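this one's sequence-less:
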């Protein structure tokens with residue numbers, strides 16, 4: 001039986017194991033005060049990497065989104081503009097604050113929120129825009145920033161899939177008030193779980209740090225409502241090593257993605273992903289579209305690829321606005337979102353995919369689709 005090439009796979013070796021072991025031997029597994037901790041080291045290194053003044057480590061990407069909305073004062077009765085074609089965490093974090101997620105359609109070429117459609121979704125209750133850098137490609141953040149400034153809205157950029165990407169030479173978060181990162185096991189770099197919020201705003205950063213640990217401005221004295229969103233020391237230790245490897249990880253992804261684009265360009269039925277001018281794609285996922293297909297035909301192609309050992313996967317089969325809990329937030333149809341959900345599928349390009357394997361992925365797609 002052929003071994004399946006997974007859609008994503010964490011790249012861990014003895015360096016991460018040594019760092020985590022160091023934490024275990026120290027006996028300090030978590031800390032309420034980060035001074036001198038692995039968490040503090042990781043935050044400093046990550047802030048430098050993305051050219052941000054502040055980085056606040058937390059225990060998941062979802063926690064990062066929730067906290068960013070929280071410190072922005074988003075509350076019941078407010079509205080936050082989000083795409084529906086993404087992972088549930090974006091809209092979920094909005095709903096957790098009591099606010100209403102307002103879904104906007106996507107650009108069918110980039111799969112990111114269409115900035116031209118944001119304006120029509122803004123109401124007197126809108127407080128923020130939450131674009132998502134889907135699949136590792138930055139949203140059109142300059143245009144989104146112009147709209148946000150026009151209406152005095154916060155921008156909370158969901159960059160959970162965009163480690164190593166750039167937009168017009170700037171890292172994710174540059175055009176936003178805050179950027180929210182995930183270090184889930186499948187991401188371009190991982191701490192197992194874990195997340196980070198980056199910002200240039202010192203007041204926001206301070207409030208995020210206090211919220212992260214029960215609203216404590218000093219130990220055991222809560223000055224504001226908070227939560228336990230702390231990142232454990234072992235995760236931070238792994239993150240320090242993974243961050244050092246991230247540039248090489250992204251370059252390997254880019255190399256694999258380039259190969260697939262060259263090989264699959266001969267297939268007329270496939271719409272291949274793009275890297276717009278001025279963007280650096282980090283290729284968290286290499287996502288193609290089976291033109292003029294319905295869900296059944298797309299799913300059949302995915303199943304045939306899996307039988308050939310290619311871990312093709314669909315992200316995302318059900319748009320958020322069509323999920324049972326979230327239907328109540330939107331009655332409008334999102335045609336480009338719904339069409340993409342029926343036609344796209346993703347192929348493995350992660351750093352663990354060998355030259356032999358990437359050739360097999362390309363050969364398999366050519367055989368199955370042509």
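Right, received. Where do you want to start? Only a predicted model underlies this, so the values are computations on that prediction, with no experimental measurement involved.

which residues in the stretch 251-370 of the chain form strands?
Here the stretch 251-370 of the chain has its strands, by DSSP state E, counting those that start in this stretch, at 270-271, 279-280, 286-290, 344-347.

reformat those strands as CSV; add distance to residue 22 and mean pLDDT.
(Each C-beta comes from the backbone N, C-alpha and C, glycine too.) Putting the strands of the stretch 251-370 of the chain into CSV (distance: least, C-beta to C-beta, whole Å; pLDDT from 0 to 100) gives the following:
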stretch, distance to residue 22, mean pLDDT
strand 270-271, 47, 98
strand 279-280, 33, 98
strand 286-290, 35, 98
strand 344-347, 36, 98
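
CSV for these, including mean neighbour count and distance to residue 56?
Listed next are these as CSV, based on neighbours: other C-beta atoms under 10 Å; distance: least, C-beta to C-beta, whole Å:
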stretch, mean neighbour count, distance to residue 56
strand 270-271, 18, 38
strand 279-280, 20, 25
strand 286-290, 22, 30
strand 344-347, 23, 30
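
domain parsing for this protein?
Here the domain assignment for the chain is 14-241, 247-369, based on automatic domain parsing.

what's the mean pLDDT across the longest one?
Domain 14-241 carries an average pLDDT of 96.

leaving out sequence neighbours, find the closest residue to residue 366.
Once flanking residues are discounted, residue 366 sits nearest to residue 267: 6.5 Å by C-beta to C-beta, 6 or more residues apart in numbering.

name the nearest residue to residue 107, ignoring sequence neighbours.
Of all residues beyond its chain neighbours, the one nearest residue 107 is residue 114 (4.6 Å), with distances taken as C-beta to C-beta, 6+ apart.

hang on, the one you found packs against residue 106?
Yes: under the criterion of C-beta atoms under 8 Å, residue 114 is in contact with residue 106, at a separation of 5.7 Å.

quick one: common contacting residues for those two?
Counting by C-beta atoms under 8 Å, 6 or more residues apart in numbering, the shared contacts of residue 114 and residue 106 are residue 336.

compare these two (neighbour count), which wins?
More neighbours surround residue 106 than the other of residue 114 and residue 106, with 25 against 19 (other C-beta atoms under 10 Å).

so that one touches residue 115, yeah?
No: in terms of C-beta under 8 Å, residue 106 does not count as a neighbour of residue 115; the distance is 10.5 Å.

returning to that earlier point: ok, the residue nearest to residue 366 touching residue 368?
No: under the criterion of C-beta under 8 Å, residue 267 is not in contact with residue 368, lying 9.8 Å apart.

what's next to stretch 27-38, contact-wise?
The contact list for stretch 27-38, computed with C-beta under 8 Å, 6+ apart, reads 19, 23, 39-40, 43, 209, 213, 216, 219, 230, 232-234, 236-237, 240.

how about those residues, which pair is most distant?
When C-beta to C-beta is used, the two most widely separated members of the contacts of stretch 27-38 are 19 and 216, lying 27.4 Å apart.

neighbours around residue 29, how many?
Burial measure for residue 29: 10 neighbouring residues, criterion other C-beta under 10 Å.

report the separation between it and residue 52.
As for residue 29, its distance to residue 52 is 27 Å (criterion: C-beta to C-beta, to the nearest Å).

and for residue 195?
Distance, residue 195 to residue 52, using C-beta to C-beta: 14 Å.

try residue 26
Counting by C-beta to C-beta, the separation of residue 26 from residue 52 is 28 Å.

quick one: buried ones out of the contacts of stretch 27-38?
Taking 16 or more other C-beta atoms under 10 Å as the criterion, what is buried in the contacts of stretch 27-38 is 19, 23, 39-40, 43, 209, 213, 216, 230, 232-234, 236-237, 240.

just the mean pLDDT for stretch 350-362, thanks.
Confidence over stretch 350-362 (mean pLDDT, whole number) is 98.

which of residue 26 and residue 52 has more residues huddled nearby?
A side-by-side neighbour count of residue 26 and residue 52, using other C-beta under 10 Å, places residue 52 first with 22 against 12.

residues touching the more buried one, list them.
Under the contact definition (C-beta under 8 Å, 6+ apart), the residues listed for residue 52 are 171, 173, 179, 198, 199, 200.

tell me the secondary structure at it.
Here residue 52 is coil, with the state taken from DSSP: H, G, I helix; E, B strand; the rest coil.

what sits opposite residue 280 in the beta ladder?
Here residue 280 sits in beta bridges with residue 166, as judged by DSSP bridges.

verify the stated contact: it with residue 165.
Yes: in terms of C-beta under 8 Å, residue 280 counts as a neighbour of residue 165; the distance is 5.6 Å.

which residues do the two both contact?
The contact lists of residue 280 and residue 165 share no entry, where a contact means C-beta under 8 Å, 6+ apart.

the residue nearest to residue 334 when sequence neighbours are not counted - how many residues pack around it?
In space, and not counting its chain neighbours, residue 334 is closest to residue 105: 4.4 Å by C-beta to C-beta, 6+ apart. Each residue near residue 105 was counted by other C-beta under 10 Å, and the total is 25.

from residue 349, how far off is residue 105?
In this structure, residue 105 and residue 349 are separated by 27 Å, where distance is defined by C-beta to C-beta.

could you look up the SS state of the most centrally placed residue in the chain?
The residue at the geometric middle of the chain, judged as the C-alpha nearest the mean C-alpha position with C-alpha atoms, centre = their mean, is residue 160 (2.1 Å). When the structure is reduced to helix, strand and coil (three-state DSSP), residue 160 reads as coil.
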